[in-house]
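[1] The following comprises the amino acid sequence and a computationally predicted model.
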Amino acid sequence: MRFANSLPLLFGLGILLAGAPAWALPTDRDQPIRVQADSAELDDAKGVAVYRGGVVITQGTLKITGDTVTITQDAKGDIEVFTAVGTPAYYEQQPAADKQVVKAYGLTIQYFAVNERIVLIDQAKVVQEGNTFEGEKIVYDTQRQIVNAGRATGSNVTKPRPRIDMVIQPRKKAEPEQPPQ
């Protein structure tokens, strides 16, 4: 594997990270990307970059961690799939300045750049504003803002979970205005 000329892969990573608008502050995509890992294997000819060992990727409020992170590109250099594997892999991002950070976990987290879809597989969990959503597999389409959850058919899961589990916090009611005294 070549370690030279990693600029196209890093540029592609920037395009990838800029592609999650529903879970992102608008300023995140303008921030520099930082990749930290114990080792990296970059193969421009195959369009594959593999980072290993406590991988941490940050850009603005976005943070992704995993034991191994693999980024694949198509022949034009565009990101196809971004895969983080960990115990668990982790994703967080602040969707808006007035919103709490969204946190997502899974033994595998995949991001499909073309259709802006995030897939959490095996011990999948999303936490947003106190609400939790857990299952074997959670798929989030960021363009249409649709979440699907259920069994991870065709995948070997470490802890089978035949049903999803959601906890939804009650909405806070506005307090009635007190008359001036």
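    In hand now; what should we look at?

[2] and the residue nearest in space to the middle of the chain, what pLDDT?
    Nearest to the mean C-alpha position of the chain, by Cα atoms, centre = their mean, lies residue 91 at 4.4 Å. According to the prediction, residue 91 has pLDDT 88.

[3] would you say it is within a strand?
    Yes. Under DSSP: H, G, I helix; E, B strand; the rest coil, residue 91 falls within a strand.

[4] What score does the closest residue to it other than its chain neighbours have for pLDDT?
    Excluding the flanking residues, the one nearest residue 91 by Cβ to Cβ, 6 or more residues apart in numbering is residue 104, at 4.3 Å. C-beta here means a position set from N, CA and C on the backbone, and glycine is covered the same way. Looking at residue 104, its pLDDT is 90.

[5] just to revisit the earlier point, double-check the residue nearest to the centre of the chain against residue 110; I have them as touching.
    No. Shown here, residue 91 and residue 110 do not form a contact pair, counting by Cβ atoms under 8 Å, at 10.7 Å.

[6] Find residues that contact each of the two.
    Common contact partners of residue 91 and residue 110 (Cβ atoms under 8 Å, 6 or more residues apart in numbering): 84, 118.

[7] Now stretch 63-73: average pLDDT?
    91.

[8] now swap in stretch 166-178 and tell me
    Mean predicted lDDT for stretch 166-178 stands at 77.

[9] Tell me which helix or strand in this protein has the weakest average pLDDT.
    Ranked by mean pLDDT, DSSP states H and E, the weakest helix or strand in the chain is helix 7-17, scoring a mean of 38.

[10] and after that helix, which helix or strand comes next?
    Note on helix 7-17: by DSSP states H and E, the next helix or strand toward the C-terminus is strand 34-36.

[11] May I see the buried residues of that following strand?
    Across strand 34-36, burial judged by 16 or more other Cβ atoms under 10 Å covers residue 35.
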